[in-house]
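Asker: Quick one: sequence plus predicted model below, questions after.
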Amino acid sequence: MELNDDVEMERNQKKDQGKTDSAFQGQVVESILGEHEFAINEKGVYLVDINENRIRPIMPVCAPLTIVAETRDVNGDNWGRILEFHDKDGNLQRYAMKMQDLRRDGDEVVDALLSKGLAIAPGKKPRLRLVEYIQNCQPENNARARTTDMTGWHGNQFILSSEIIGEGDERVIYQGQQREAKTYQQMGTLEEWRNNISRLCVGNSRLVLAVSAAFAAPLLRLIDMEGGGVHFVGNSSTGKSTALYVAASVMGSPEHYNQSWRATGNGLEGIAKFHNDTCLIIDEMGQVQAKEAGEISYMLANGAGKLRANIRGDARPKANWRLLFLSSGEVTLAEHMTEGGKKARAGMEVRLVDIQADAGRDMGIFEYLHGYQNGAEFSDQLKIWSTHYHGTPFREFIRHVIEDELAIAAVKETQEDFMDRRVPTEASGQVRRAATRFALIAAAGELATRYGITGWEEGAASNAAAICFESWLSLRGGTGNQETKRLLEQVKDFLEKHGDTRFVLVKFGRLKELVIADSKQKVLNRAGFRRKDEDATEFLVLPSAFHEMCEGFNIRTAAKILIDKGVLTPADDGKSQKIRRLPEMGPKRFYHINSSIWN
């Protein structure tokens, strides 16, 4: 029976009133409520009347549409259904819907099905019956599946927007807002990727690191390690984007996989969730507002979005993820924030480590061109091949990790070896924290090599990570704590700027008391006093000015750091402030910054 207008069907229904249609062949679909009955055959879904085991079609509803399974999330909430049908071109279409989308007469679901090519009988009644069919009819064998709005690990399965890698106790379906199939697209074979892309990374530390980082991202959750990022810094045309292209080829189509910093923090939340347990790649930091760059880095590394309220004022669940991210830009995070009048905190720079893109061989990011005439030609060829061969290495790596019971032990062993051999014993906690990321990247690259994915020699990934770690240390300025370095620079900068204008010049009197040395000196917004002799200049800083001098730091912590460094002379009882009789002010508390600040 062909699909007809419901008006025509009603006319036929009046003619056949009281009769049954024994010629109709179709499978009755079980309905929960049973108010209406439905049947499906090769021509479509019909509203039917069942009497004495005979099926009489009453109204055509739509082309054949199967309810494959009922779904709910890992918490047992957000129930839905998986629908399958063939579009008008004969292509199999699958639609994972939420039951809540059936509200308001189910227009949202009907519109989505029409958009995907489902033929639906015209008129309001068939549309209403379609919604009823979807809502009340049961899938065959009461099949169930779990849904998730996040990519990544779910038990022993790895979920991508377009497929599931591995097997689990229950089917898992991706149902997130981001559904771009091309993001995790596959093209070419693993052998073609290895021969045309991975092989050319050999001898190029930044390329090897970028590829290894792509393999490292899914290991974070397995070893319970926090996320973070790597930022390639350098002038334009140094090859930074090429490194990101090569890294993206591990997971999918670089043209669709790579993202841009030109986004708000809110926009990047959804993108981060879509890249959970994978490597997020974002190009050109200069495109994001400087004031947002640091907060976005924090957000991506910490794996949590903002806490928001619903229309009732109740807190909505926060978006969560765990990932590594690769970034590029012409300036470091701290420099970019400074341009926007913001100050980068040390924690930000540990979460996003800066690596000099220029490898120092006069070839930009490259160190070995594999016979190509120049870096530009080499870069262009890598980008071309990355668009031709991609997506297969990541899937192969995940399959191996799932099957390899010793994978995690091997990763941890390589990490420990890297930390023991590459990280100086005097390194601060911040340096060691960042070093664990380089160690993980090294371990992931070595694991992918052991699986036969990269084609590199053993040790290549570890050596590349070590070279890049040294580049980060060099750009950072050493292995000490950045807070200490920044505080010392900030105090020194304050004294250099205001030493002559905001500090009253004093000298010792006959009884070693302090007296004003120059009665004609004009001082506005006094910050304290300074005493000069032939060898040094010392500053007696008033508490209010000390807070200004150490802006951005906890005052007690700042004082302790300065005392530990010998810059601040404590009182005899060990306290950070001294009490001394000062000219025109009597006894006052002050911070004594001694002459070692200039050393």
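Answerer: Noted; the coordinates are in hand. Numbering: from 1, shown residues only.
Asker: all contacts plus neighbour counts: C-alpha atoms, from now on.
Answerer: Fine.
Asker: so where's the stretch 201-350 of the chain shaky on pLDDT?
Answerer: Within the stretch 201-350 of the chain, the ranges that satisfy pLDDT under 70 run 306-317, 343-346.
Asker: Let's see that with 50 instead.
Answerer: Scanning the stretch 201-350 of the chain for pLDDT under 50 picks out 315.
Asker: got the residue ranges for the strands in it?
Answerer: With DSSP state E, counting those that start in this stretch as the criterion, the stretch 201-350 of the chain has strands at 228-233, 259-260, 279-283, 324-329.
Asker: for the stretch 51-200 of the chain, what spans make up the strands?
Answerer: Counting by DSSP E, counting those that start in this stretch, the stretch 51-200 of the chain has strands at residues 54-62, 65-73, 80-86, 92-98, 144-148, 152-154, 157-159, 164-165, 172-174.
Asker: same check, this time on the stretch 351-500 of the chain
Answerer: All strands of the stretch 351-500 of the chain, identified by DSSP E, counting those that start in this stretch, fall at 352-356.
Asker: For it, give me the ranges with low pLDDT.
Answerer: Of all residues in the stretch 351-500 of the chain, none has pLDDT under 50.
Asker: As CSV, the strands of the stretch 51-200 of the chain with mean pLDDT would be great.
Answerer: CSV is the format used below for the strands of the stretch 51-200 of the chain (pLDDT from 0 to 100):
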stretch, mean pLDDT
strand 54-62, 91
strand 65-73, 93
strand 80-86, 94
strand 92-98, 90
strand 144-148, 89
strand 152-154, 93
strand 157-159, 93
strand 164-165, 91
strand 172-174, 84
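Asker: So for residue 240, which of those sits nearest?
Answerer: strand 152-154 (26.9 Å; Cα to Cα).
Asker: Tabulate the strands of the stretch 51-200 of the chain in TSV, adding columns for mean neighbour count.
Answerer: Shown next, in TSV, are these (neighbours: other Cα atoms under 10 Å):
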stretch	mean neighbour count
strand 54-62	23
strand 65-73	22
strand 80-86	21
strand 92-98	17
strand 144-148	21
strand 152-154	20
strand 157-159	21
strand 164-165	18
strand 172-174	23
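Asker: Save those strands as JSON lines, and put in distance to residue 380 too.
Answerer: Output for those, formatted as JSON lines (distance: least, Cα to Cα, whole Å):
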{"stretch": "strand 54-62", "distance to residue 380": "51"}
{"stretch": "strand 65-73", "distance to residue 380": "44"}
{"stretch": "strand 80-86", "distance to residue 380": "41"}
{"stretch": "strand 92-98", "distance to residue 380": "37"}
{"stretch": "strand 144-148", "distance to residue 380": "38"}
{"stretch": "strand 152-154", "distance to residue 380": "32"}
{"stretch": "strand 157-159", "distance to residue 380": "32"}
{"stretch": "strand 164-165", "distance to residue 380": "32"}
{"stretch": "strand 172-174", "distance to residue 380": "35"}
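Asker: Next, name the residue at the spatial heart of the chain.
Answerer: Nearest residue to the geometric centre of the chain (Cα atoms, centre = their mean): residue 272, 4.0 Å.
Asker: which residues touch that residue?
Answerer: If a contact means Cα atoms under 8 Å, 6 or more residues apart in numbering, then residue 272 has 280, 300, 321, 323 as its contacts.
Asker: returning to that earlier point: turn the strands of the stretch 201-350 of the chain into JSON lines, columns for distance to residue 339.
Answerer: As requested, those are exported to JSON lines (distance: least, Cα to Cα, whole Å):
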{"stretch": "strand 228-233", "distance to residue 339": "16"}
{"stretch": "strand 259-260", "distance to residue 339": "20"}
{"stretch": "strand 279-283", "distance to residue 339": "19"}
{"stretch": "strand 324-329", "distance to residue 339": "14"}
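Asker: right, so of these, which gets closest to residue 171?
Answerer: strand 279-283 (24.6 Å).
Asker: so what secondary structure elements neighbour the closest one?
Answerer: If contacts are counted by 3 or more Cα pairs under 8 Å, 6 or more residues apart in numbering; DSSP states H and E, strand 279-283 sits against helix 240-249, strand 259-260, strand 324-329.
Asker: Just give me how far the second one sits from the chain centre.
Answerer: Between the centre of strand 259-260 and the centre of its host chain there is 11 Å, according to Cα atoms, centre = their mean, to the nearest Å.
Asker: and if you look at stretch 382-390?
Answerer: A distance of 23 Å separates the centroid of the chain from that of stretch 382-390, by Cα atoms, centre = their mean.
Asker: now could you export just the CA positions of it as CSV?
Answerer: This file holds the C-alpha atoms of stretch 382-390, laid out as CSV (Å, rounded to 0.1, in the frame of the first residue of the first chain):
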residue,chain,number,x,y,z
LEU,A,382,53.6,17.4,5.1
LYS,A,383,50.4,19.4,5.1
ILE,A,384,49.3,17.9,1.8
TRP,A,385,49.9,14.3,3.0
SER,A,386,48.2,15.1,6.3
THR,A,387,45.0,15.8,4.4
HIS,A,388,45.4,12.5,2.5
TYR,A,389,46.4,10.2,5.3
HIS,A,390,44.8,10.6,8.8
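Asker: before we move on, the earlier item: which of the helices and strands packed on strand 279-283 sits closest to residue 137?
Answerer: Closest approach to residue 137 among these (Cα to Cα): strand 259-260, 41.5 Å.
Asker: Who are the packing partners of the closest one?
Answerer: strand 279-283.
Asker: Between the two ends of stretch 195-203, how far is it?
Answerer: Across stretch 195-203, the terminal residues are separated by 15 Å (Cα to Cα, to the nearest Å).
Asker: Mind listing residues that contact that stretch?
Answerer: 207-208, 246, 367-370, 382, 385-386, 454-456, 460.
Asker: Closest one to residue 184 out of these, please.
Answerer: Using Cα to Cα, these come closest to residue 184 at residue 386, 13.2 Å.
Asker: I'd assumed residue 244 was in contact with the closest one.
Answerer: No. Using Cα atoms under 8 Å, residue 386 makes no contact with residue 244, being 10.3 Å away.
Asker: any idea how far residue 553 is from residue 136?
Answerer: Where residue 553 is concerned, residue 136 sits at a distance of 61 Å (Cα to Cα).
Asker: I misspoke; the intended subject was residue 207.
Answerer: 38 Å.
Asker: So the two - more neighbours on which side?
Answerer: Neighbours were counted for residue 207 and for residue 553 using other Cα atoms under 10 Å; residue 207 has more, 28 against 16.
Asker: hmm, back to that, nearest to residue 157, out of the strands of the stretch 201-350 of the chain?
Answerer: Closest approach to residue 157 among the strands of the stretch 201-350 of the chain (Cα to Cα): strand 279-283, 17.5 Å.
Asker: how far out from the middle of the chain is that closest one?
Answerer: Centroid separation for strand 279-283 versus its chain: 8 Å, with Cα atoms, centre = their mean.
Asker: closest to residue 49 among the contacts of residue 272?
Answerer: The nearest member of the contacts of residue 272 to residue 49, counting by Cα to Cα, is residue 321 at 50.3 Å.
Asker: That closest one - how many residues pack around it?
Answerer: 26.
Asker: residue contacts, it?
Answerer: 272-273, 275-277, 303-304 are the contacts of residue 321 under Cα under 8 Å, 6+ apart.
Asker: Which one (most neighbours) among the residues you listed?
Answerer: Top of these by neighbour count (other Cα under 10 Å): residue 272, with 29 neighbours.
Asker: what about the longest helix in the protein?
Answerer: helix 429-450 (DSSP state H).
Asker: buried set for that helix?
Answerer: Applying a neighbour-count criterion of 16 or more other Cα atoms under 10 Å, one finds 430-432, 434-449 buried in helix 429-450.
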